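Novice: Pasting the sequence and the predicted model now:
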Amino acid sequence: MGQSMNVHLFTANRKNIEEIYDLIVYLKETDLDDIGFPEIDETKLKNYIKSILRVGKIICIKDLDSEKIVGCCMYSKAEYFFSRSQLVEINLIYIKKEYRNYPLVKRVVESVKKYADGLPVFLYISTAQGFDPVFKKLGFDSMGGSWRYYG
């Protein structure tokens, strides 16, 4: 919003793993700092990113002025736990606050819908960020909420 919005969307590959990892660390340390999530395990997160690259897709948003990745969306095909029917799960969608706007989120979600090719798309928001109105506007139906208990 404050930026010139000179951004480019592209499909990530193995050479982008480090920068995607850095973006997720940034997300954890800024937007998610007050949520109380556990520390990031570098090896586990990098292996997770590699596995999504193998079985799904990662769309990255690059600021063309700084040449930095400022957002990404990880998604993959899966099956319902009770059925052989397929669906697409958005595992992560994140755009740095200063770049975040509806048209850009819409472009990212459109790439997921294209990949889904008619399959239902599921998104689980577990970060208490309050994006429900945006995803409702993009055609998603609310299926409930995330609950957490720490005992």
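Specialist: Cool, got the structure. What you see is a predicted model; the values in this text were computed from it and never measured.
Novice: center of the protein - which residue?
Specialist: residue 93 (1.7 Å; CA atoms, centre = their mean).
Novice: How about the secondary structure of that one?
Specialist: Judged by DSSP: H, G, I helix; E, B strand; the rest coil, the three-state class of residue 93 is strand.
Novice: just checking, it touches residue 106?
Specialist: No: using CB atoms under 8 Å, residue 93 makes no contact with residue 106, being 11.7 Å away. Just so you know, the C-beta spots here come from the backbone N, C-alpha and C atoms, and that holds for glycine as well.
Novice: Can you tell me which helix or strand of the protein has the lowest average pLDDT?
Specialist: helix 132-137 (a mean of 78; mean pLDDT, DSSP states H and E).
Novice: buried ones in that one?
Specialist: Using 16 or more other CB atoms under 10 Å as the test for burial, helix 132-137 gives residue 135.
Novice: can you check stretch 134-151 too?
Specialist: Neighbour counts over stretch 134-151 (16+ other CB under 10 Å) mark 135, 138, 140 as buried.
Novice: Return the member of these nearest to residue 41.
Specialist: Within the buried residues of stretch 134-151, the smallest distance to residue 41 is 28.7 Å, found for residue 135 (CB to CB).
Novice: what about the closest one, distance to residue 75?
Specialist: Residue 135 sits 14 Å away from residue 75, going by CB to CB, to the nearest Å.
Novice: now swap in residue 35 and tell me
Specialist: As judged by CB to CB, residue 35 and residue 75 stand 22 Å apart.
Novice: Of these two, which one has the most company?
Specialist: residue 75 (25 against 12; other CB atoms under 10 Å).
Novice: Can you give the strand pairings for the helix or strand hosting that one, parallel or anti for each?
Specialist: Per DSSP states H and E: residue 75 is located in strand 68-79. When pairing is defined by DSSP bridges, strand 68-79 lines up against strand 56-63 (antiparallel), strand 86-95 (antiparallel).
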